[in-house]
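In: Here is my input, please return the structure:
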Amino acid sequence: MVRAAVTGQNGDVNLDHVFVCGNPALDFAATLGARRSERSEMFVTPDRLNAWYVESGIVDAVSAGREADVEQAKTVREAIYQLVTARRLGEGYDATALTVVNKAARRPAAVPQLTPAGRWTQATPDEALSLVARHAVELLSGPDVPLLKECGNPECTRVYIDRSRGMRRQWCGMDSCGNKIKAAAYRARKKTASVAATD
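Out: A predicted model of the protein is given here:
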């Protein structure tokens, strides 16, 4: 698991960009969290979107974005999530979602450059989004499709690639969900045991 630190305007560090899904397109789809309950939106500003592009490792730097870039990214993200969910459940693709992702993937992508310090990829928000869409195309047309699983935490809607032996992984990540569920189960068992002891 990779957890990225984001420094806020007041200097505090929020650890909320989590990369546990095994593919940038899946991590991108997970930036709207808890879809079935209290939704948690990570892309609240162009700066937060650009921070995700850099922290995910798909690019090294992104030029300044606009609100329109955020809205476009959210549209592509939701289309990716729809397609991933359909593929995971063995259902047909939604035509609109397919068009959105393919259109984003057709846009020019950022081109890596060689510098004296090594590889460097500078992108516009459009170029970075194109790279994410291309990751989605490769994922959904590749060999990892049978490994797609949704997190076992009912509150979490992350989809991840389960490469564990026997596909026994239950959580998107132990730090993000597994430990929470195990701790809650432990507290419930302890409470039940203490109630039984007083009866």
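In: show me the contacts for residue 67.
Out: Contact analysis of residue 67 by CB atoms under 8 Å, 6 or more residues apart in numbering lists residue 46. Any C-beta I mention is one placed from the backbone N, CA and C, and that applies to glycine too.
In: Kindly provide the distance from it to residue 77.
Out: Applying CB to CB, to the nearest Å, the value for residue 67 to residue 77 is 15 Å.
In: Same question for residue 90.
Out: Going from residue 90 to residue 77 by CB to CB gives 22 Å.
In: Neighbour count: the two, which is higher?
Out: Remark: of residue 90 and residue 77, residue 77 carries more neighbours, 25 against 7, as counted by other CB atoms under 10 Å.
In: per-residue pLDDT, that one?
Out: Predicted confidence (pLDDT) for residue 77: 98.
In: Look up how far residue 165 lies from the residue positioned nearest the centre of the chain.
Out: Residue closest to the average C-alpha location in the chain (CA atoms, centre = their mean): residue 27, at 1.8 Å. Look at residue 27 and residue 165: by CB to CB, they are 23 Å apart.
In: Can you list the buried residues in the longest helix along the chain?
Out: Ranked by residue count, the top helix of the chain under DSSP state H comes out as helix 67-89. Neighbour counts over helix 67-89 (16 or more other CB atoms under 10 Å) mark 69-70, 72-73, 75-77, 79-88 as buried.
In: can you check stretch 98-105 too?
Out: Within stretch 98-105, the residues scored as buried using 16+ other CB under 10 Å are 98, 100-101, 104-105.
In: do stretch 156-167 as well
Out: By 16+ other CB under 10 Å, the buried positions in stretch 156-167 come out as 156-162.
In: Show me those residues that map onto strands.
Out: Judged by DSSP state E, strands contain the following of these: 159-161.
In: Quick one: the strands in this protein, in order.
Out: For the chain, the strands defined by DSSP E occupy 2-7, 13-19, 32-33, 40-41, 61-62, 113-115, 118-120, 122-123, 148-150, 159-161.
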